[in-house]
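>>> Everything below, folded, please.
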Amino acid sequence: METTYYCIEVPAEAAGQRLDAFLATRLTDLSRAAVQRLIDDGQVLLTEGKPRSSMKLAGGEQITVEIPPPAPAVPLAEQIPLDVLYEDHDLIVINKSAGMTVHPGAGVDSGTLVNALLGHCTDLSGIGGEIRPGIVHRLDKGTSGVLVVAKNDIAHRGLAEQFAAHSIKRLYWALIYGSPNEDTGKVSNSIGRHPTDRLRMSGKAKHGKEATTNWRVLERFGAASLVQLRLETGRTHQIRVHLSEANMPLLGDPLYPDGGRFNNLKDTRLKGMISHLGRQALHARVLGFIHPLTGQYLEFSSEPPEDFSGILAYLRETAAVTTTFS
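Numbers count the residues shown, from 1 in each chain. Down below sits the predicted model:
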């Protein structure tokens with residue numbers, strides 16, 4: 001793997017933010033601690049001045065970030081608590097917390113789900129390689145919810161085949177700005193790397209992979225809505241790209257534009273709750289699949305975490321709720 005370089009322009013609305021906090025929202029696979037290590041190691045450059053983690057941005061700066069390839073070492077086992085929904089000899093189903101990266105990568109070598117799994121069980125599948133043992137699919141760092149991991153190669157192949165055939169049941173809950181004109185819809189296009197911002201994906205990329213997201217509104221609150229998403233494919237940032245480009249951006253998403261929706265909110269308490277969330281309001285609520293060895297259909301679900309649920313409860317209490325689907 002090669003060294004990766006990112007060139008990031010600081011938008012005017014980021015003025016006053018700490019450098020490390022801003023980069024952690026843009027480099028979504030890196031923790032704030034990992035960003036601070038990059039700064040301390042001289043791998044973050046500014047157009048003017050020597051960068052420090054605590055320095056305040058003025059807006060308009062050009063930042064260059066150099067991320068070295070991950071060390072080719074086997075991840076270390078770490079005793080990190082896990083919310084285990086199911087486990088047998090072949091697989092383990094986890095309710096992943098928001099803020100946890102799934103596997104080690106550039107600038108991240110500890111604190112990941114893989115590190116936690118190696119501390120929990122030693123019999124993970126080797127198909128994903130030394131850095132990604134057992135990993136069949138991923139959730140973004142800021143996305144919480146249900147995720148399955150293979151514990152042997154047979155299970156890994158069986159699950160991977162189901163993901164490739166798009167036969168896995170995957171339902172997500174998301175909080176979006178506004179109230180869509182329709183109750184249901186589908187977004188289908190090709191998703192690839194954004195032509196100018198290498199941190200983002202886009203449905204307007206010249207070279208991409210087919211992606212389809214089905215959505216339906218569960219509840220409407222005026223300023224925001226609760227929607228359920230059903231994935232037919234699993235591309236990087238698929239839901240975030242599709243909703244943002246369909247003018248239904250996620251609350252709190254630090255990477256994909258909301259069209260000024262946050263700044264236009266009149267409810268200051270709601271704005272404070274979204275700011276505290278500090279990530280996209282997206283939760284992988286249901287995952288269903290055929291057990292690759294027993295042939296039994298398994299389905300797991302989890303409730304959104306406290307920060308997501310807190311916003312949802314506040315919206316239900318303060319807005320005139322319209323329930324679209326039971």
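
>>> From here on, just use CA atoms for contacts and neighbour counts.
OK.

>>> Grab the longest strand from this structure for me.
The longest strand of the chain (DSSP state E) is strand 209-220.

>>> Any chance you could list what contacts it?
179-180, 183-192, 225-235, 238-239, 242, 321-326 (Cα atoms under 8 Å, 6 or more residues apart in numbering).

>>> again, but for stretch 184-200
Applying Cα under 8 Å, 6+ apart, the set of residues contacting stretch 184-200 from outside is 6, 8, 26-27, 201-217, 235, 238, 242, 246, 255-256.

>>> Among the residues you listed, name the buried ones.
8, 27, 201-203, 205, 208, 211-217, 235, 238, 242, 255-256 (16 or more other Cα atoms under 10 Å).

>>> just the helices in the stretch 1-150 of the chain please.
Using DSSP state H, counting those that start in this stretch, the helices of the stretch 1-150 of the chain run over residues 19-26, 32-40, 113-120.

>>> in the longest one, what's buried?
So the one you mean is helix 32-40. For helix 32-40, by 16+ other Cα under 10 Å, it's 32, 34-39.

>>> got JSON lines for the residues you listed, with pLDDT and distance to residue 79 too?
What follows is the buried residues of helix 32-40, written out as JSON lines (pLDDT from 0 to 100; distance: Cα to Cα, whole Å):
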{"residue": "32", "pLDDT": "81", "distance to residue 79": "20"}
{"residue": "34", "pLDDT": "82", "distance to residue 79": "19"}
{"residue": "35", "pLDDT": "87", "distance to residue 79": "23"}
{"residue": "36", "pLDDT": "87", "distance to residue 79": "23"}
{"residue": "37", "pLDDT": "84", "distance to residue 79": "22"}
{"residue": "38", "pLDDT": "88", "distance to residue 79": "25"}
{"residue": "39", "pLDDT": "88", "distance to residue 79": "27"}
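
>>> ok, those residues vs residue 62, which is closest?
Nearest to residue 62, judged by Cα to Cα, of these is residue 39 at 14.6 Å.

>>> Now for the closest one: which residues touch it?
Contacts of residue 39 (Cα under 8 Å, 6+ apart): 20, 51-53.

>>> before we move on, what about residue 227?
By Cα under 8 Å, 6+ apart, the neighbours of residue 227 are 173-176, 215-219.

>>> Check the secondary structure at it for me.
strand (DSSP: H, G, I helix; E, B strand; the rest coil).
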